[in-house]
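Peer 1: I'd like to go over a predicted model; first the sequence, then the structure.
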Amino acid sequence: MNTRVIRFGGAGATLALAIALAACSPGASNVPVGSLAVPSVDVSAGASLATGAALAALDAIDGPIAANQTSGALTADEAKSLQDLASGVRTALQSGDTTAARTAADNLSTKAGELAAKLNTDAGKQLTAAIAALKAALPAG
C-alpha cells in the first residue's frame, strides 16, 4: 500500500488551519472566501469606433455633393442644403448625440430623395450610395 504524505510549509499549514477554523466557527457563512474580479467593458470604446466609422462615411459625402454641383446636376442652393444637412449629422456625432445624428441623416436622405431626378448621373449615384453608407455606419442609438 502506497501512502503519500502531503507536507505543508509553515505558511500552508497556517492557511489550512485558518480555513478549517473559519469553516467551523458559528459565523462561517459570513466569512468572505474571496472576491471575484469581473472585468469591466468599455462601452464607450465601441461607440467611439462606430462614431469614427460614421464620420469617415460622412467625409465620403462631401465629394459627391461638390461633383454634382460642378456637373450642373445640382444648383448651388441645393448643394448648400445637402452640405448643411451633412454638417448637422457631423455636429451631432461629434457631440455624442446619436439620436440627433440619425434624425439629421434621415433628413439628408430625404432631401437627396427629393432631388433624385437630378441625381441620376454617376455622381448622383455616388452621393446616394454614400448617404446609404453613412446611415449604415451610424452608431445604434
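Peer 2: Yes, it's here. Bear in mind that the values here come from a model prediction, so they are computed numbers and not experimental data.
Peer 1: list the helices and strands the helix ranked longest in the chain packs on?
Peer 2: When the chain is scanned for its longest helix (criterion: DSSP state H), the result is helix 43-70. Judged by 3 or more C-beta pairs under 8 Å, 6 or more residues apart in numbering; DSSP states H and E, helix 43-70 is in contact with helix 76-94, helix 98-114, helix 122-137. (C-beta placed from N, C-alpha, C; glycine too.)
Peer 1: possible to save those as TSV with mean neighbour count?
Peer 2: Putting these into TSV (neighbours: other C-beta atoms under 10 Å) gives the following:
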stretch	mean neighbour count
helix 76-94	17
helix 98-114	18
helix 122-137	18
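Peer 1: could the ones you listed be laid out in CSV, adding distance to Leu58 and mean pLDDT?
Peer 2: As requested, the helices and strands packed on helix 43-70 are exported to CSV (distance: least, C-beta to C-beta, whole Å; pLDDT from 0 to 100):
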stretch, distance to Leu58, mean pLDDT
helix 76-94, 6, 96
helix 98-114, 9, 95
helix 122-137, 6, 93
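Peer 1: Nearest approach to Ala57 belongs to which of the ones you listed?
Peer 2: Evaluated over the helices and strands packed on helix 43-70, closeness to Ala57 peaks at helix 122-137, with 4.2 Å, by C-beta to C-beta.
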